[in-house]
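Undergrad: the following comprises the amino acid sequence and a computationally predicted model.
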Amino acid sequence: MVVLPFTTGNYGEAHNTCWISAEGEGYIIGVIWRILLYYAPWIGVTFIITIMHVRIFRDLKSNIDINTSESVSEYTEQIMERLKLFPIINVVVVLPTLVNTLYDLIHSGGPSFVLSIIVTLPWSLLGITHAIMFARTPSVKIIL
């Protein structure tokens, strides 16, 4: 799918880290390519991940209700607390880029500098955010 922008001449330099250019006559097509090739799959994957997290969360919650051991219940509640954060982190990181792209689509004057900065900050913090979440795992805390 990544080669599809070649068919309309929209493959090349773009702002931020995008590889689909949206300049000149192919501006709107370039933005549409960005939505179809990046944001639509991202929204689909985020939706599926969120559904999986909800199912796991429900199973863990029912496990707490069934289990009488306080240590297991406490451990399960810790897992549930972290589990809630992963879909939120995904949305917080990628949502500003979608807003920026929609802004580009509506205002064909080019990207907004302020929005570009807002987009860059969460992206640059994504790795450290996941590392912090991983470090909060009880077994990792013991090693650290």
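TA: Sure, I can see it. This is a predicted model, so every value here is computed, not measured.
Undergrad: following the chain onward from the top helix by length along the chain, which element is next?
TA: For the chain, the helix that runs over the most residues, judged by DSSP state H, is helix 70-106. Following helix 70-106 in sequence order, the next helix or strand is helix 113-135 (DSSP states H and E).
Undergrad: next, the angle helix 113-135 makes with the longest helix of the chain.
TA: 160 degrees (axes from the mean of the first three to the mean of the last three Cα atoms, to 10 degrees).
Undergrad: now for helix 70-106, which elements pack on it?
TA: helix 27-34, helix 40-66, helix 113-135 (3 or more Cβ pairs under 8 Å, 6 or more residues apart in numbering; DSSP states H and E). For every residue, glycine as well, the C-beta is placed using N, CA and C.
Undergrad: now the angle from it to helix 40-66?
TA: Orientation of helix 70-106 against helix 40-66 (the same axes, to 10 degrees) gives an angle of 160 degrees.
Undergrad: got the buried residues for helix 70-106?
TA: Neighbour counts using 16 or more other Cβ atoms under 10 Å place 73, 76, 80, 83, 87, 89-91, 93-94, 96-98, 100-101, 103-105 of helix 70-106 among the buried residues.
Undergrad: quick check, central residue of the protein?
TA: Nearest to the mean C-alpha position of the chain, by Cα atoms, centre = their mean, lies Asn90 at 3.0 Å.
Undergrad: Leu98 versus that residue, what's the distance?
TA: Between Asn90 and Leu98 the computed distance is 12 Å (Cβ to Cβ, to the nearest Å).
Undergrad: just to revisit the earlier point, and the pLDDT at the residue nearest to the centre of the chain?
TA: pLDDT recorded at Asn90 is 79.
Undergrad: now do the closest residue to it other than its chain neighbours against Val93, distance only.
TA: Once flanking residues are discounted, Asn90 sits nearest to Thr46: 5.3 Å by Cβ to Cβ, 6 or more residues apart in numbering. Per Cβ to Cβ, Thr46 is found 10 Å from Val93.
Undergrad: just give me the neighbour total for Leu60.
TA: Residues lying near Leu60 (other Cβ atoms under 10 Å) number 16.
Undergrad: ok, now how distant is it from Glu74?
TA: 12 Å.
Undergrad: please apply the same query to Lys84.
TA: Lys84 is 16 Å from Glu74, by Cβ to Cβ.
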